[in-house]
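# Predicted model, plus sequence, below.
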Amino acid sequence: MPAHPFRFLTVIAFAAVFGVVSGPAALAHGAGHKPGDRVVTRDISASDTEDKAREYFTDTVLVSHTGEKLKFYSDILAGRTVVISFMFTACEDACPLINATLQRVQERLKDRMGKDILFVSITVDPKVDTAAVMADYRKQFKAGPGWLYVTGTEKNIEAVGNKMGQVFEKEAHLTALLVGNTKTARWRKIPANLSDTVIAAQVKDIADGIYD
């Protein structure tokens, strides 16, 4: 696969595919969202069967905003399309903007939320962002039952973040959205500065197996 502008040398396979560990300024936390960042779609061939996907993403245990312990692959990713974002509740710049956009996308996808499409917002500040803090925070964005906010131990959050190409440093967290269909092993990186209309359409494409 040829290198692309988002590629950065890393041992993390997911990051190598999308180049999300060190991207342009528009993807850095707190940086201005600049137009021109492109959507990138890739197959994650290392996860193209159930067993391979579980091994690839792992069943690292996270904790939902309700306090429920969830296995990352089996309980969160498996059998559906997920929209993954990284955030922390004390963030005052990029995170509220991204969550507000996701709120609008949620409305556009309301007939499928919690069915075949799931939003997963993962904190990069688990010491502060307990399940109770996350539960309170998500109310600001009217998050419905198809939108999980998850936390966990620092070790487990870092492990999951590494699998998704996320730097475990809250001020440098990924601000692009990662959209994946674990039934097709197809993933797409979507700049969060796109309109909710465009993002919703991109999510539907991945959910429906449209790759163009």
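Perfect, thanks for sending it. Numbers count the residues shown, from 1 in each chain.

# middle-most residue in the protein, spatially?
In the chain, the residue lying closest to the centroid (Cα atoms, centre = their mean) is Ile84, at 1.6 Å.

# three-state assignment of that residue?
Local secondary structure at Ile84 is given as strand here, using DSSP: H, G, I helix; E, B strand; the rest coil.

# The closest residue to Ser85 other than its chain neighbours bridge partners, please.
Among residues not flanking Ser85 along the chain, Ser121 sits closest, at 5.1 Å (Cβ to Cβ, 6 or more residues apart in numbering). Every residue, glycine included, has its C-beta placed from N, CA and C. For Ser121, the beta-bridge assignment (DSSP bridges) gives partners Ser85, Tyr149.

# contacting residues around Ser121?
With contacts taken as Cβ atoms under 8 Å, 6 or more residues apart in numbering, Ser121 has the following neighbours: Ile84, Ser85, Phe86, Met87, Asn99, Leu102, Arg138, Trp147, Leu148, Tyr149, Val150.

# again, only this time at 6 Å
Ser121 is in contact with Ser85, Met87, Tyr149, counting by Cβ atoms under 6 Å, 6 or more residues apart in numbering.

# Count the neighbours of the second one for me.
If you count neighbours by other Cβ atoms under 10 Å, Met87 ends up with 26.

# quick one: it from Lys127, how far?
Met87 sits at a distance of 15 Å from Lys127 (criterion: Cβ to Cβ, to the nearest Å).

# Next: the first one.
Per Cβ to Cβ, Ser85 is found 19 Å from Lys127.

# neighbour-wise, which of the two wins?
More crowded of Ser85 and Lys127, by other Cβ under 10 Å: Ser85, with 22 against 10.

# Could you pull out the strands in this protein for me?
40-43, 61-64, 69-71, 81-87, 117-123, 147-151, 177-181, 186-190 (DSSP state E).

# Between strand 177-181 and the fifth one, find me the angle.
Yep, that's strand 117-123 we're talking about. Calculated by axes from the mean of the first three to the mean of the last three Cα atoms, to 10 degrees, strand 117-123 forms an angle of 140 degrees with strand 177-181.

# and strand 117-123, average pLDDT?
With pLDDT averaged residue by residue, strand 117-123 scores 97.

# Now do it against strand 81-87, angle only.
Counting by the same axes, to 10 degrees, strand 117-123 lies at 20 degrees to strand 81-87.

# Longest helix in the protein, please.
In the chain, taking DSSP state H as the definition, the longest helix is helix 94-108.

# Packing partners of that one?
The helices and strands touching helix 94-108, judged by 3 or more Cβ pairs under 6 Å, 6 or more residues apart in numbering; DSSP states H and E, are helix 196-208.

# hmm, try it at 7 Å
Packing contacts for helix 94-108, counted by 3 or more Cβ pairs under 7 Å, 6 or more residues apart in numbering; DSSP states H and E, involve strand 81-87, helix 196-208.

# Just say which of the ones you listed is most tucked in.
Neighbour counts (mean count of other Cβ atoms under 10 Å) averaged over each of the helices and strands packed on helix 94-108 peak at strand 81-87, with a mean of 25.

# contacting residues for Ala159?
Neighbouring residues of Ala159 by Cβ atoms under 7 Å, 6 or more residues apart in numbering: Thr58, Thr60.

# Try it again at 6 Å.
The contact partners of Ala159, taken as Cβ under 6 Å, 6+ apart, are Thr60.
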